[in-house]
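Asker: sequence plus predicted model, see below.
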Amino acid sequence: PVLPEPEDRCIRCDRPTPAGVSLCEADNPARIKAPSATQVHGTILVGVIAGFLIFGLLARFAVSAAGPFEANIQGRAARADGAAELVVRVVNNGTAAASATCRVTRDGVPRQADLTFRTERLAAGASVQLTRTLPTPLSGDPAFDVSRVTVACT
């Protein structure tokens, strides 16, 4: 028995073509070779890397004028249920208007359960005073020691 030759199909018209040939003679009269798989994957890789670089540059320019921000606790009060209330003053010491992202910690050590918040957009040199309530601790967690609570803004 004679084995049939392996064949592919034309990607445009679905006619049979020799193995490894992507276009039939009718759709590729000049017999221009298709790019190799390495060329195709290399082109895709270059595009992905270029996209990440462009995204990184755009992100850098978007936040380059933000901050630095100064944050001070102006007032603190413990509540009977274990929660705490803070009055925080945030100052934009940067050269352009920006919003600050602030983190309130129990003792200066960042934790996943820390309260985080964003300020409204502050003009360069402007400040805002905000009141934030730290939630009641979960059962088994200690109450907030308001004398050790810290705030930092970026």
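Answerer: That came through, no problem.
Asker: quick one, phi psi at the residue nearest the centre of the chain?
Answerer: Against the mean C-alpha coordinate of the chain, by Cα atoms, centre = their mean, the closest residue is Ala59 at 9.3 Å. Main-chain torsions, Ala59, degrees, to the nearest 10: phi -60, psi -40.
Asker: what about Leu86, is that helix, strand or coil?
Answerer: With DSSP: H, G, I helix; E, B strand; the rest coil as the basis, Leu86 sits in strand.
Asker: and it, how many residues sit next to it?
Answerer: Using other Cβ atoms under 10 Å, Leu86 is surrounded by 20 other residues. Placement of C-beta: from N, CA and C, glycine included.
Asker: one more: Leu23?
Answerer: As a burial measure, Leu23 scores 19 neighbours (other Cβ under 10 Å).
Asker: same deal with the one 5 residues further on?
Answerer: A total of 16 residues lie near Asn28 under the criterion other Cβ under 10 Å.
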